[in-house]
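# The following block contains a protein sequence and its predicted model.
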Amino acid sequence: MSQTWGRTDAAGTWLHPKPIWTVAAVLLAAAAVTLVAVYRYHVAWTPLQRAYAPTYLRAAVMATLDVTTTGRYRLLEIDTGAGSRLALEDEVEPAAGTGADPAFRLTEVGRRIGARRLVWREASYPHGAFHAFLGRWIYCDRPLTAVVSPALWSGLAVLVGGLIVAVPTDIRRARARRHGRRLKGPELVSARQFNRRTGGEGIGFVQVTRACRRPTRVGVEPCPHHGRFGHRQIRLDPADAAADRGAR
């Protein structure tokens, strides 16, 4: 059994009034959302989905707030002999570039359909209509919540698991701050708490039994010093005494 004596290192440090474990769980959940979102952004999303992500989010926010009806947006278009249209996933691929807009180049599929060049064009579009347009042709009719839902669910799972540990810990800290902490000296605990702290399983007594050979034949004679009716002496038979010494 090991017991720490004296005052602990944190004896003079008072507990912080804020629920730091709950705050840590919330921050950890936010970090999980960010990590999963970044991972899916670079691995699961297509190049055009990554390129239109800020625009898609801005169109959704502006359509929800309904501050203005239209806004300026940029689209990656393909110029053909018959005019221009929106570039699709199988017609473009990422390319090296240093401009402000993401760099793309035509694929073999794009050249086969008669595309001549790629151009980023800016125009004014209604927020709701533009958001629906990108959702139809770029994000495959998936709403914004479906695009970011894996990251949100991951953060929620981390938050629930963290709160299971954080809330009871903060409650114990608040109780210790309100009622005080024991710095040193004896402490009254239950039997279960004592066994849990010391790693004990109860108290046991080891009894060692020694074999003892009882005499089988005993002779009784008058004691010569006290007469016939005085004290009597008990004499063990010599054969039994020799056998008892041999057994030892």
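Thanks, I have the structure now.
# next one: stretch 70-77 to chain centre, how far?
The chain centre lies 43 Å from the centre of stretch 70-77; the measure is C-alpha atoms, centre = their mean, to the nearest Å.
# Could you shift the numbering so residue one becomes 290, and keep it that way?
Sure, I'll start numbering at 290, so the last one becomes stretch 359-366.
# For A314, which non-adjacent residue is closest in space?
Leaving out its chain neighbours, the residue that sits closest to A314 by C-beta to C-beta, 6 or more residues apart in numbering is G451, at 3.0 Å. For the C-beta atoms, the positions are set from N, CA and C on the backbone; glycine is no exception.
# That neighbour reaches L316, doesn't it?
No. The pair G451 / L316 is not scored as a contact, 9.2 Å apart, by C-beta atoms under 8 Å.
# More neighbours: those two, which one.
Using other C-beta atoms under 10 Å, the more surrounded residue of G451 and L316 is G451, with 19 against 11.
# circling back: helix or strand for the residue nearest to A314, which one?
Element membership of G451, judged by DSSP states H and E, is helix 433-468.
# just how off-centre is the helix or strand that that helix is followed by within its chain?
Next helix or strand after helix 433-468 toward the C-terminus (DSSP H and E): helix 480-487. A distance of 28 Å separates the centroid of the chain from that of helix 480-487, by C-alpha atoms, centre = their mean.
# Check stretch 457-469 too.
Relative to its chain's centre, stretch 457-469 lies at 23 Å (C-alpha atoms, centre = their mean).
# Equivalent analysis for stretch 421-432, please.
A distance of 35 Å separates the centroid of the chain from that of stretch 421-432, by C-alpha atoms, centre = their mean.
# cool, and stretch 338-357?
Between the centre of stretch 338-357 and the centre of its chain there are 34 Å (C-alpha atoms, centre = their mean).
# Stretch 342-361 now?
Its chain's C-alpha centre and that of stretch 342-361 lie 37 Å apart, by C-alpha atoms, centre = their mean.
# Report the rounded mean pLDDT for it.
Mean pLDDT, computed over stretch 342-361, is 91.
# Can you tell me the SS state at S373?
Secondary structure assignment for S373 (DSSP: H, G, I helix; E, B strand; the rest coil): strand.
# returning to that earlier point: mind listing what's buried along the helix holding G451?
Across helix 433-468, burial judged by 16 or more other C-beta atoms under 10 Å covers 433, 436-437, 440, 443-444, 447-448, 451-452, 455, 459, 462.
# Which one of the residues you listed is nearest to A384?
Closest approach between the buried residues of helix 433-468 and A384, by C-beta to C-beta: V436, at 24.4 Å.
# need the contact list for that closest one.
338, 428 (C-beta atoms under 8 Å, 6 or more residues apart in numbering).
# what about it, distance to A352?
According to C-beta to C-beta, to the nearest Å, V436 and A352 sit 16 Å apart.
# Is the nearest residue to R406 once chain neighbours are set aside in a helix, a strand, or coil?
Nearest residue to R406, sequence neighbours excluded (C-beta to C-beta, 6+ apart): D368, at 5.1 Å. Under the three-state scheme (three-state DSSP), D368 adopts strand.
# Does D368 have any beta-bridge partners, and if so which?
Note on D368: beta-bridge partners S373, R406, judged by DSSP bridges.
# so who does it touch?
D368 neighbours (C-beta under 8 Å, 6+ apart): 404-408.
# Distance of A320 relative to F422?
Distance, A320 to F422, using C-beta to C-beta: 34 Å.
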